[in-house]
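*Asks:* sharing a model that was predicted from the sequence below.
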Amino acid sequence: MPGLPKEQVNLADWARICCRRGAIDQIMDPYLRGNIDPVCLEKFGEIAESCLRDQGTQRPTMSDVVCGLEFALQLQETAENTRNSMIDVSGGHKHGSKSTISSGERSIAKTDPDRMSSDTVFSEIMNQKGR
């Protein structure tokens, strides 16, 4: 791909490099940057890295991936609940309405409506040039 550094041409290789450097934030969606708890982001990186192992037998099963992603979601929800509790305890006020994304039995709530919209969820669509 013209214009990209050599290490970024292969997405899997670039992801591996960023995970090893502890710089997973370089490959994440910029609209999500600052909204994901660091522990949750680290868990996502571990899951992604395990899925990119060279030997197929060393990669996790899909059920293991799902369990890992559910755990990462729990980490994020716990961090958000803790953050919201701290706001309530300190007497702060939450502004705006609560946005919710639902899929089947799962739902993800986000307190900041300015950051959660279809633009955020489908941010890759907003970049018409592609990668």
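*Replies:* Sure thing, it's come through. Numbers count the residues shown, from 1 in each chain.
*Asks:* contacts, neighbours, all on C-alpha from now
*Replies:* OK.
*Asks:* list the buried residues of the helix or strand containing D64.
*Replies:* Assigned by DSSP states H and E, D64 belongs to helix 62-89. If you call a residue buried by 16 or more other C-alpha atoms under 10 Å, then helix 62-89 has these buried ones: 65, 68-69, 72-73, 75-77, 79-80, 84.
*Asks:* likewise for stretch 45-64?
*Replies:* Those would be 45, 47-49, 51-52, 59-60, for stretch 45-64 by 16+ other C-alpha under 10 Å.
*Asks:* what's the closest of the buried residues of helix 62-89 to P30?
*Replies:* Nearest to P30 out of those is Q76 (C-alpha to C-alpha; 17.3 Å).
*Asks:* list the contacts of the closest one.
*Replies:* 36-37, 40 (C-alpha atoms under 8 Å, 6 or more residues apart in numbering).
*Asks:* dump the residues you listed into CSV; add distance to D29 and pLDDT as well.
*Replies:* Below are those laid out as CSV (distance: C-alpha to C-alpha, whole Å; pLDDT from 0 to 100):
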residue, distance to D29, pLDDT
I36, 11, 89
D37, 14, 91
C40, 15, 91
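*Asks:* among these, who's most crowded?
*Replies:* Within the contacts of Q76, neighbour counts (other C-alpha atoms under 10 Å) peak at C40, which reaches 20 neighbours.
*Asks:* still on that earlier bit, got TSV for the buried residues of stretch 45-64, with pLDDT too?
*Replies:* As requested, these are exported to TSV (pLDDT from 0 to 100):
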residue	pLDDT
G45	88
I47	93
A48	90
E49	90
C51	93
L52	89
R59	95
P60	96
